[in-house]
Structure formats: C-alpha cells, structure tokens
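[1] The amino acid sequence is not available; the structure is as follows:
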C-alpha cells in the first residue's frame with residue numbers, strides 16, 4: 001500500500017534530479033523479454049487448488065510493471081492493485097483515495113477467499129495483513145505463493161519513485177518509503193516459512209528483473225550471484 005500522507009515532501013532521488021547512478025531508469029520492456037525462459041520454470045501456478053498470490057516488493061520495485069509484462073502468468077486470476085483502485089476512485093486526487101482503495105482491495109481479497117477463488121494482490125509487504133491472510137487461506141485449502149521484487153537499498157527505492165513521478169506516475173512520501181523498506185525485507189523473510197512457494201526477483205539494475213531465488217517450504221534455491229540485500233534470507237539447501 002502506498003503512503004496515505006498528503007502535503008508532505010515527496011521522494012527525492014538522493015543523487016539529485018537526473019543524476020542518479022543507481023539504475024533508476026530500469027528497462028521493464030527488455031526485462032520482460034528476458035524473463036520468458038526463466039518463468040517457464042515456475043510450474044507452481046499449475047495447481048489444482050485455488051491460489052492466493054501476493055505480488056510484493058518495496059516502493060518503486062516494479063510490481064505493476066511485472067504483472068503487466070507477464071499476462072500469461074496471471075491470465076486466470078484477477079490482480080487486485082491498490083494503486084490502480086485509487087486512480088479509479090478519484091483520478092484527480094490519488095493521495096486522498098489511497099485509504100479507501102486499501103479498504104476496497106482488502107474487502108475484495110476477503111470476498112475472493114470466502115468464494116474459494118484464486119487471486120493475486122499487490123502489496124509493499126510492509127505490514128502483516130497479507131501474511132495473516134496467507135495463513136487463513138491455507139486453512140481454507142488454498143495453495144499460497146508469493147512473487148517478491150526487491151531493490152538493492154532504500155535510496156534506489158526513492159530514486160525509482162522519483163523516476164515514476166517524472167514519467168507522470170504517482171509519488172510516495174520519502175518518509176513512508178524509508179519506513180517501509182526494512183519492514184518489507186523483514187516480512188519477506190517471514191513469508192518464506194508461511195507461503196508454500198516464494199519466487200524472488202532482483203530489479204536493481206537497468207538489466208531489469210533477474211530471477212534470484214525460488215523457495216519451497218522454507219528451502220531456498222539461489223541463482224548466483226546473491227545480492228547483498230537478500231543475504232538476510234539465509235542459505236539455500
């Protein structure tokens with residue numbers, strides 16, 4: 001979920017406008033093409049049970065770009081996106097619509113669970129809402145999986161949000177980005193022991209999304225090299 005504060009200073013790239021050298025100008029189109037071979041490995045989506053699929057990552061990581069570039073991966077389920085919902089509620093007042101959008105997406109998620117229907121939902125994973133929901137989904141007979149898109153550090157997260165604003169997208173207050181980054185990383189580690197499967201991508205460079213790890217039942221299979229931001233997740237088996 002994006003920041004709900006209004007009237008505060010938006011994210012500003014630490015390197016200054018136009019001077020960021022941390023991969024702010026990621027090329028999602030190129031990355032999407034490079035993912036074809038890698039995502040064919042993800043046979044987890046071929047499940048007989050309904051699937052609960054959070055698409056998670058820090059602000060500016062490229063969650064929405066990922067889902068839009070992988071229509072085949074998600075063609076059989078809706079993607080509940082708080083940001084897109086906020087834009088529908090009031091296109092002229094994104095910040096003022098964020099809280100209502102969050103409530104609407106949460107209600108829609110619960111509705112899907114009650115109906116036993118598969119769905120994906122975008123989240124920064126900075127709170128525990130969707131971890132708790134995953135436990136509840138498993139109790140209801142769901143398969144649970146997560147796609148997580150990570151960035152090297154919080155400054156890069158700030159840069160990416162600034163770049164999005166320059167391209168006409170929505171902003172997030174820098175204070176919110178800095179607060180959420182470590183929480184999201186901590187919750188990713190917790191997710192490894194909760195979700196049936198977790199697929200982790202690194203989107204820190206202009207090369208785009210790189211498949212970094214696939215986990216099952218807490219066991220991690222790494223694709224070297226492992227970036228520093230992911231070392232807290234532990235060693236593979």
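    Structure's in. What do you need? If you're wondering where the values come from, they're calculated on a predicted model, not measured in any experiment.
[2] can we go C-alpha only for contacts and neighbour counts from here?
    Noted.
[3] Give me the neighbour count for the residue lying closest to residue 85 once chain neighbours are set aside.
    Using Cα to Cα, 6 or more residues apart in numbering and skipping residues adjacent in sequence, the residue nearest residue 85 is residue 101, 5.4 Å away. Neighbourhood size, residue 101 [other Cα atoms under 10 Å]: 23.
[4] Now residue 101: which helix or strand?
    Using DSSP states H and E, residue 101 maps to helix 94-115.
[5] by contact count, what packs against that helix?
    Applying 3 or more Cα pairs under 8 Å, 6 or more residues apart in numbering; DSSP states H and E, we find helix 94-115 packed against strand 79-80, helix 82-89, strand 119-123.
[6] circling back to that earlier point, next up, the contacts around the residue nearest to residue 85.
    Contacts for residue 101 (Cα atoms under 8 Å, 6 or more residues apart in numbering) come out as 82-83, 85-86, 89.
[7] Quick check: buried residues in the helix holding residue 101?
    Across helix 94-115, burial judged by 16 or more other Cα atoms under 10 Å covers 94-99, 101-102, 104-106, 109, 112-113.
[8] can you give me the offset of that helix from its chain's centre?
    Helix 94-115 sits 16 Å away from the centroid of its parent chain (Cα atoms, centre = their mean, to the nearest Å).
[9] can you give me the mean pLDDT across that helix?
    Mean per-residue pLDDT for helix 94-115: 88.
[10] Okay, and the residue most central in space within the chain sits in which element?
    Taking Cα atoms, centre = their mean, the centroid of the chain lies closest to residue 56, which sits 2.4 Å from it. Assigned by DSSP H and E, residue 56 belongs to strand 51-57.
[11] go on, residue 195?
    Following DSSP H and E, one finds residue 195 outside all helices and strands.
[12] That concludes my questions; thank you for your assistance.
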